[in-house]
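Colleague: Whatever this is, show me its structure:
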Amino acid sequence: MPVSKFDADELDESGFKPLSAEEAQALRQRQPPLSPWRVVVWQATVGLLVALLAWGLTQNRVAGVSAAYGAMAVVLPAALFARGLSRQRLAAHAGAALTGFFVWEMVKIAVTVAMLVLAPRLISNLNWLALLAGFVVTMKVYWVAMWLRPTRRDPINKN
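Modeller: Alright, predicted model coming up:
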């Protein structure tokens, strides 16, 4: 699709510069992708710590179980999503991979909601505050994982 003069002026003003193939390859080497399985492992670890902390601080087993269930409402759907995404890597077309991504994201959301709805039926005397703490803290692992992801240094520029 040809770019009109008006469109070209807007692109120049926005400061956006497309990367060349070499620049894109160098960026991929400096910032390797983060494995979704690594995030799931971190989430499970943090969820376990939150559950133990809730149990230890309150001296109430139900609080620990509630916090653990909140964490599992994040970890299990995330593991399901990671499994689905690993299968999408084999997709022949980008459109199929994108569609698969959205389908697995919807599955993840549906499983999360179902687990939260079932929580009062599965855990007697559910402690909602502990469940929410386990859920929220475990969910925030996504952000921490992005900050702590490994990076490779460029041996030439040493930046």
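
Colleague: Got the confidence number for residue 9?
Modeller: Here, the pLDDT recorded for residue 9 equals 51.

Colleague: tally of neighbours for residue 77?
Modeller: Neighbours of residue 77 under the rule other CB atoms under 10 Å: 22. No exception for glycine: its C-beta is placed from N, CA and C like everyone else's.

Colleague: Follow the chain on from the helix or strand containing residue 76 and name the next helix or strand.
Modeller: Applying DSSP states H and E as the criterion places residue 76 in helix 61-88. Moving toward the C-terminus from helix 61-88, the next helix or strand (DSSP H and E) is helix 94-122.

Colleague: by contact count, what packs against that following helix?
Modeller: The elements that helix 94-122 packs onto, with contact taken as 3 or more CB pairs under 8 Å, 6 or more residues apart in numbering; DSSP states H and E, are helix 61-88.

Colleague: If we go by neighbour counts, what in the helix it packs on is buried?
Modeller: Neighbour-count burial for helix 61-88 flags 62-82, 84-85 (criterion: 16 or more other CB atoms under 10 Å).
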